[in-house]
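[1] pasting the sequence and the predicted coordinates here, then a few questions.
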Amino acid sequence: MGRCATVAENDLMGSFPAVGLLWIAPWMLIAAGAGYGNPVHTARWTAGFAVMGTACLVNARRCGRRHCFYTGPLLLAALASLLHGLGVLPLGRHGWSWIAGVALGGSILACCGLERIMGRYAARHPSDP
């Protein structure tokens with residue numbers, strides 16, 4: 001009979017290659033996208049936030065990592081980046097700063113605040129594998 005993986009073993013945040021590929025590289029892509037022409041900026045930010053948001057939602061499902069439930073909405077930052085870059089969502093002269101600030105601030109709050117207060121993993125239903 002196969003051994004069931006523990007919650008921590010399912011946590012992508014426990015693997016440095018996964019962290020590098022799914023979270024550090026996208027943040028670097030976002031940082032590198034600032035200062036380029038609008039199409040490049042839009043593409044990099046949309047892609048970076050989409051990768052991180054998707055990885056967070058997958059990780060929340062895999063292991064119940066608490067902050068991943070709250071940082072999964074980085075997909076909204078991807079959507080905001082795309083729409084702002086295309087001129088559909090007028091956020092003003094500081095729109096990119098607003099998007100970055102909300103995404104970074106929310107991520108830091110979720111990682112450093114919520115996990116300290118509420119624990120690293122959310123309670124899972126006893127029937128969940």
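    Noted; the coordinates are in hand.
[2] tell me the contacts of residue 66?
    By Cβ atoms under 8 Å, 6 or more residues apart in numbering, the contact list for residue 66 reads 110, 114-115, 118-122. All C-beta atoms are positioned from the backbone trio N, CA, C, and that covers glycine.
[3] typo on my end, it should be residue 57
    Residue 57 makes contact with 68, 72, 75, according to Cβ under 8 Å, 6+ apart.
[4] hmm, try it at 7 Å
    By Cβ atoms under 7 Å, 6 or more residues apart in numbering, the residues touching residue 57 are residue 72.
[5] so it: helix, strand or coil?
    Recorded secondary structure, residue 57: helix (DSSP: H, G, I helix; E, B strand; the rest coil).
[6] still on that earlier bit, now, which of the contacts of residue 66 lie within helices?
    115, 118 (DSSP state H).
[7] touching the helix or strand hosting residue 18 from outside, list them.
    In this structure, residue 18 sits in helix 16-19 according to DSSP states H and E. Residues outside helix 16-19 that contact it (Cβ under 7 Å, 6+ apart): 12-13.
[8] who wins for neighbours among the contacts of residue 66?
    residue 110 (20 neighbours; other Cβ atoms under 10 Å).
[9] can you give me the pLDDT of that one?
    Per-residue confidence (pLDDT) for residue 110: 79.
[10] list the buried residues of the lowest-mean-pLDDT helix or strand in the chain.
    Every helix and strand of the chain was ranked by mean pLDDT, DSSP states H and E. The lowest is helix 7-10, at a mean of 78. Within helix 7-10, the residues scored as buried using 16 or more other Cβ atoms under 10 Å are 7, 10.
[11] related to what we said a few turns ago, dump the contacts of residue 66 into TSV; add distance to residue 7 as well.
    Below are these laid out as TSV (distance: Cβ to Cβ, whole Å):
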residue	distance to residue 7
110	18
114	16
115	13
118	15
119	11
120	9
121	5
122	10
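[12] how near is residue 81 to residue 101?
    Distance of residue 81 to residue 101, given as Cβ to Cβ, to the nearest Å: 13 Å.
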